[in-house]
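Undergrad: Show me the folded form of this:
(one chain, ligands or ions: 2)
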Amino acid sequence: MSIIDSQPQAPSAVTTKKLYEPYSTTPETTESLDWAELVNLDLSTFDHPGGKEALSKQLKYAVHNVGFFYVSNFGLSQEEVDYQFSIGKQIFDLPLSEKVKYGADTKAFSYNGYTGPANHQTNISYVLDNIPKFTSHFPGKEAHPRPVQDNWDTIEHFAKAIHRNVIERLLVIFALVLELADEEYFVKRHNYETRGEDHLRYMLYTARDKDVNKKAQELYSTGHTDLGSITLLFRQPVAGLQVLNNDGKYRWVRPVKGTITVNIADTLSLLSGRYFKSSIHRVSVPPADQRHLDRLGVLFFIRPNNNVLVEVVKDSPLLKREGVYESLEERKDPLDVGTWVKERQKHIFKNVYDITDAGQGKDGQERDELEAEVAGIKIKYWN
Ligand SMILES: O=C(O)CCC(=O)C(=O)O
Ligand SMILES: [Fe+2]
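TA: Ligands and ions are numbered 1, 2, ... in the order given. The predicted structure follows:
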């Protein structure tokens with residue numbers, strides 16, 4: 001044996017990974033469900049000559065009419081994605097007493113940290129742990145439970161790779177759809193180092209009893225739109241997510257291996273004069289062959305930087321042709337994203353979580369579509 005072979009191995013990212021078994025993959029449902037037909041953007045073509053322009057053509061219909069799509073070939077291996085699920089599983093396997101030590105400050109309407117029973121007195125059907133951007137504006141790993149602390153560097157690498165490989169590319173594609181002269185228009189407004197309330201979320205829906213599901217009208221989460229720019233969903237093959245189609249019916253969004261499911265959210269929609277569709281979606285109890293399974297997700301909620309104004313992008317030839325500028329309502333006082341996000345989070349905590357969150361709803365209450373005005377902007381939500 002050579003001297004080199006007998007040297008102790010320096011700890012590396014790979015040895016750290018061996019701390020956990022990969023999250024076991026679940027068989028797909030065998031039920032025939034009414035699946036939504038969504039486009040898939042192959043991001044490996046982005047840098048080819050004419051690649052991003054072709055991708056913007058491919059996405060044009062979906063951003064206006066559907067609001068949901070997939071992306072594939074985003075430069076991270078399946079192993080790296082699976083590992084994120086392992087971290088999520090380790091977090092939720094911790095005893096409650098451990099998780100609540102890192103609870104989100106829900107009184108300040110903050111999302112960052114653990115939210116679940118005991119630090120938030122609602123009937124929510126899921127638990128989550130949110131991690132903000134890896135910038136100096138937020139506390140570091142000490143603010144998160146042990147599995148996050150132990151994997152801090154891996155999570156940071158993952159989050160930043162997603163920003164570079166997926167978010168920034170999609171933001172260029174959106175600018176191309178709007179035919180903007182500056183294809184970096186949205187990228188500049190989502191600068192990683194600038195303060196923003198983006199977060200990575202590990203999220204778990206625990207399988208529930210038949211009776212509880214019935215009381216909750218067979219839903220894990222009621223219809224809603226997300227409030228940021230876009231949401232990315234890494235998914236296990238447990239069906240549940242549904243998108244409201246233009247025909248007024250919910251369709252299932254199939255979890256497709258090797259892809260990320262993406263949906264457009266309210267703030268990006270507002271920046272486009274509501275031309276981009278922020279889709280209403282919800283989470284159903286899974287189909288019969290999967291409803292005994294816990295459902296774990298790894299999600300990214302992306303938002304523009306806090307200092308960005310919530311105002312419609314000027315000089316888009318597409319928006320001009322579509323008559324979007326003519327239909328806009330004047331806003332007198334400017335609104336920045338930081339204020340808008342805070343007001344929306346407050347609204348969600350007060351009106352959605354505290355009144356009826358999806359989990360179990362309130363006895364006998366209908367799930368109504370409601371309208372409200374938050375920071376002078378009309379929104380819809382569902383009880
Ligand atoms: O769990 C899912 O599939 C979707 C979750 C979702 O819509 C949300 O957290 O906003
Ligand atoms: Fe959502």
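
Undergrad: Leaving out chain neighbours, which residue sits closest to the residue nearest the centre of the chain?
TA: By Cα atoms, centre = their mean, the mean C-alpha position of the chain lies nearest to residue 231, the distance being 3.3 Å. Setting aside the residues directly before and after it, residue 231 is nearest to residue 263 in space (Cβ to Cβ, 6 or more residues apart in numbering), at 5.1 Å. Using the backbone N, CA and C atoms, a C-beta is placed for each residue, glycine as well.

Undergrad: how about that neighbour, what does it touch?
TA: Contacts for residue 263 (Cβ atoms under 8 Å, 6 or more residues apart in numbering) come out as 67-68, 226, 230-231, 233, 243, 278-279, 281.

Undergrad: among the residues you listed, which two are most distant?
TA: Spanning the widest gap among these are 233 and 278, at 15.0 Å by Cβ to Cβ.

Undergrad: which one of these two has more residues nearby?
TA: residue 278 (26 against 21; other Cβ atoms under 10 Å).

Undergrad: returning to what we had before: strand partners (parallel or antiparallel) of the strand or helix carrying the residue nearest to residue 231?
TA: Assigned by DSSP states H and E, residue 263 belongs to strand 259-264. Within its sheet, strand 259-264 is paired with strand 68-72 (antiparallel), strand 230-235 (antiparallel), according to DSSP bridges.

Undergrad: Contact partners for residue 240?
TA: Counted by Cβ under 8 Å, 6+ apart, residue 240 has contacts 205, 220, 283-286, 295.

Undergrad: restrict the residues you listed to those near ligand 1?
TA: Filtering the contacts of residue 240 for neighbours of ligand 1 using Cβ under 6 Å from any ligand atom leaves residue 283.

Undergrad: Of the contacts of residue 240, which is the nearest to residue 26?
TA: Nearest to residue 26 among the contacts of residue 240, with distances taken as Cβ to Cβ, is residue 295, at 9.1 Å.

Undergrad: Can you get me a residue count around that closest one?
TA: 25.

Undergrad: picking that back up, for my notes, please list the contacts of residue 240 in CSV and give distance to residue 93, pLDDT and secondary structure for each entry.
TA: CSV is the format used below for the contacts of residue 240 (distance: Cβ to Cβ, whole Å; pLDDT from 0 to 100; DSSP: H, G, I helix; E, B strand; the rest coil):
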residue, distance to residue 93, pLDDT, secondary structure
205, 15, 89, strand
220, 20, 87, strand
283, 22, 93, strand
284, 25, 94, strand
285, 23, 94, coil
286, 21, 96, coil
295, 15, 91, strand
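
Undergrad: got the contacts of residue 240 as CSV, with distance to residue 214 columns?
TA: Shown next, in CSV, are these (distance: Cβ to Cβ, whole Å):
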residue, distance to residue 214
205, 16
220, 13
283, 16
284, 13
285, 9
286, 15
295, 18
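
Undergrad: Out of the contacts of residue 240, flag the one nearest to residue 322.
TA: Of all these, residue 283 has the smallest distance to residue 322: 32.1 Å, by Cβ to Cβ.

Undergrad: Tell me both backbone torsions, phi and psi, for residue 114.
TA: The phi/psi pair for residue 114 (degrees, to the nearest 10) reads phi -90, psi 130.

Undergrad: ok, it to residue 129 distance?
TA: According to Cβ to Cβ, to the nearest Å, residue 114 stands 5 Å off from residue 129.

Undergrad: show me what contacts the residue of the stretch 151-300 of the chain found nearest ligand 1?
TA: Scanning the stretch 151-300 of the chain for the residue nearest ligand 1 gives residue 241, at 3.7 Å (criterion: Cβ to the nearest ligand atom). The neighbourhood of residue 241, defined by Cβ under 8 Å, 6+ apart, consists of 233, 235, 252-253, 255, 261, 281-284.

Undergrad: Recalculate using a threshold of 10 Å.
TA: 36, 68, 220-221, 233, 235, 250-255, 261, 263, 281-284, 286, 295, 297 (Cβ atoms under 10 Å, 6 or more residues apart in numbering).

Undergrad: Got a ChimeraX select line for the buried ones in these?
TA: Command for ChimeraX that selects the buried part of these, burial taken from 16 or more other Cβ atoms under 10 Å:
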select :36,68,220,221,233,235,250,251,252,253,254,255,261,263,281,282,283,284,286,295,297
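
Undergrad: can you give me the helices for the chain?
TA: Secondary structure of the chain by DSSP state H: the helices cover 3-6, 13-17, 51-65, 78-93, 96-99, 146-150, 152-162, 168-177, 185-188, 210-215, 266-271, 317-321, 337-347, 354-356.

Undergrad: now those in CSV, with distance to residue 43, mean pLDDT and mean neighbour count?
TA: Below are the helices of the chain laid out as CSV (distance: least, Cβ to Cβ, whole Å; pLDDT from 0 to 100; neighbours: other Cβ atoms under 10 Å):
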stretch, distance to residue 43, mean pLDDT, mean neighbour count
helix 3-6, 40, 36, 6
helix 13-17, 23, 44, 12
helix 51-65, 8, 98, 17
helix 78-93, 14, 91, 19
helix 96-99, 34, 85, 14
helix 146-150, 27, 93, 18
helix 152-162, 11, 97, 17
helix 168-177, 6, 98, 23
helix 185-188, 15, 98, 19
helix 210-215, 37, 86, 13
helix 266-271, 18, 98, 23
helix 317-321, 22, 98, 14
helix 337-347, 26, 92, 19
helix 354-356, 38, 45, 16
